[in-house]
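Visitor: Return atomic coordinates for the entry below.
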Amino acid sequence: MKDEALARILIVDDEPVICWTLSEVFREEGHECVTAASAEDGIAAAGNGRFDLVLMDVRLPGRDGISAIGELKSIHGEVPVLIMTAFGDLETAVRAVDQGSFEYLIKPFDLNYALNAARQALGSAAAGKAEPSKKRPEAEPYRIVGSSREMQEIYLRIALAARSQAPVLITGESGTGKELVARAIHTHGTRGSGPFLAANMAAFSTGLIEKELFGHLKGAFTGADMEAPGLFRQAEGGTLFLDEIGELPLEMQVKLLRVLENREVIPVGASRPSRIDVRMVAATNRPLEESVREGKIREDFFYRLNVFRIELPPLRDRMDDFEELAMHFLRGHRPGISETALKALKGRSWPGNVRQLKNAVEHAAILARNQTIRPEHLPAETRRVATEADGSDLDRLFAEWLAGEMQSGDENDLYEKFLARFEPLLLKHVLAEFRDQKQPAARALGLHRATLRQMLKKHGLIDEAT
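Guide: Numbering: from 1, shown residues only. Next up is the predicted model:
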């Protein structure tokens, strides 16, 4: 940094090695550093001289770090504060953001990352100017469980999303908790006292989606005996969560894009739009970028949805949370679970993620009744080879076929359409299971290796040259 940008930095942490390491890094940049081992000592140091940046641990002897942010800012105005923690959860992240912390560093953090965060904080003219939320519910009705590093990063993104009114796109495999995250964003945001409505786009036929979302006037169509407000108007002042947004037909994407841009809806049968005040959160378990390339998702619609994205990790990538999750789902089963049963559960693949784990634990608790859960109480392990294709996909495909809404005019090709949609998913997941080894994958499918290669080429899953 240039000489005129040199800063005084206060580092508050009860671990001497962290204070020393950060001080050395910042002093190499030409900054002056002062350290403190408690929030009280940090506040006292702030009263003795001006600081341009504060790095504050959460867990400190005596007073916690987050509770001291307000007092530090009362002394030094909008001084940027970087919160540090190794034990973060959603409440910690929300409190930190609400109190105006500039960044949330998860221990152990990379020193270059901390240095870049400090540079951004020092160089930001708006650092720390956001006011704390004036109204937020005291408790979260839908608890998100997990303390792994992966989940701590998710908690921070939820807290940041809650402070904004921008659209949020939540992505991740089925069963990872996308609706829970949407509810947490709503609960911890300024709309927490308003309604939260959820709808699955895959559950509606094309003809129903517009009426369900935007409502209709009385007499707008045959059978419309009374006016219906639609989900957007029912969610007025709150949040509308649209799950499986990747299933939205192209013509509806245009209309929903207009809603996002203009914040108004036109009910079916109406000639004039109605203003709405609704925050939209969308979710999908499909790769939308791939759908854009395939022409199934409009590019402008995707970019409007993808303003702020939260990618949820599958259970296999957050196994540090496994035991905590299992115990959470067992909270009503007092005898608990044996070590052998817990080990058996942990050794499974869990393609259905947290939802599948919850169902398995509840199943075992019912069988065990008032006894400790043992391995024999666990449900048989199931492997769902196509996580993207669930019952709602098949229901919707069949409904479209019955309504004559498939683009092909041939009404005798339901089986071919089923294969075109589901066969590639089956092939991709079996190949992933066998790490792209064709021979064992073909054996598992009951196919000859040459037949498997032909099917892969048919669906564009293998290069012609290979």
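Visitor: Strands of the stretch 201-350 of the chain, start to end?
Guide: Ranges of strands in the stretch 201-350 of the chain, per DSSP state E, counting those that start in this stretch, are 239-243, 264-265, 274-275, 279-284, 308-311.
Visitor: closest to residue 426 out of these?
Guide: Taking CB to CB, strand 279-284 is the member of these nearest to residue 426, at 20.0 Å. Every residue, glycine included, has its C-beta placed from N, CA and C.
Visitor: Quickly run through the sheet partners of that closest one, with directions.
Guide: strand 168-171 (parallel), strand 239-243 (parallel) (DSSP bridges).
Visitor: Mind putting the ones you listed into JSON lines with mean neighbour count, mean pLDDT and distance to residue 95?
Guide: Shown next, in JSON lines, are the strands paired with strand 279-284 (neighbours: other CB atoms under 10 Å; pLDDT from 0 to 100; distance: least, CB to CB, whole Å):
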{"stretch": "strand 168-171", "mean neighbour count": "24", "mean pLDDT": "96", "distance to residue 95": "20"}
{"stretch": "strand 239-243", "mean neighbour count": "24", "mean pLDDT": "94", "distance to residue 95": "21"}
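Visitor: Relative to residue 266, which of those strands is closest?
Guide: Comparing those by CB to CB, strand 239-243 comes nearest, at 16.3 Å.
Visitor: list the contacts for residue 230?
Guide: Contact criterion CB atoms under 8 Å, 6 or more residues apart in numbering gives 211, 212, 213, 214, 215, 216, 265, 267 as the residues in contact with residue 230.
Visitor: Check residue 267 too.
Guide: 214, 215, 216, 217, 220, 227, 229, 230, 274.
Visitor: so the last one sits right up against residue 233, yeah?
Guide: Yes. Using CB atoms under 8 Å, residue 274 is in contact with residue 233, at 6.9 Å.
Visitor: between these two, who's got more neighbours?
Guide: Under the neighbour definition other CB atoms under 10 Å, residue 274 and residue 233 were set side by side, and residue 233 has more, 19 against 16.
Visitor: Mark which of the contacts of residue 230 are buried, thanks.
Guide: The neighbour count (16 or more other CB atoms under 10 Å) marks 211, 212, 213, 214, 215, 216, 265, 267 as buried among the contacts of residue 230.
Visitor: now, among those residues, which is nearest to residue 87?
Guide: Nearest to residue 87 among the buried ones among the contacts of residue 230 is residue 213, at 41.3 Å by CB to CB.
Visitor: Residue 277 touches residue 236, doesn't it?
Guide: Yes. Under the criterion of CB under 8 Å, residue 277 is in contact with residue 236, at a separation of 5.9 Å.
Visitor: what do residue 274 and residue 233 both touch?
Guide: residue 265.
Visitor: sorry, back to before: which of the contacts of residue 267 lies closest to residue 416?
Guide: Of all the contacts of residue 267, residue 416 sits closest to residue 214, with 34.0 Å by CB to CB.
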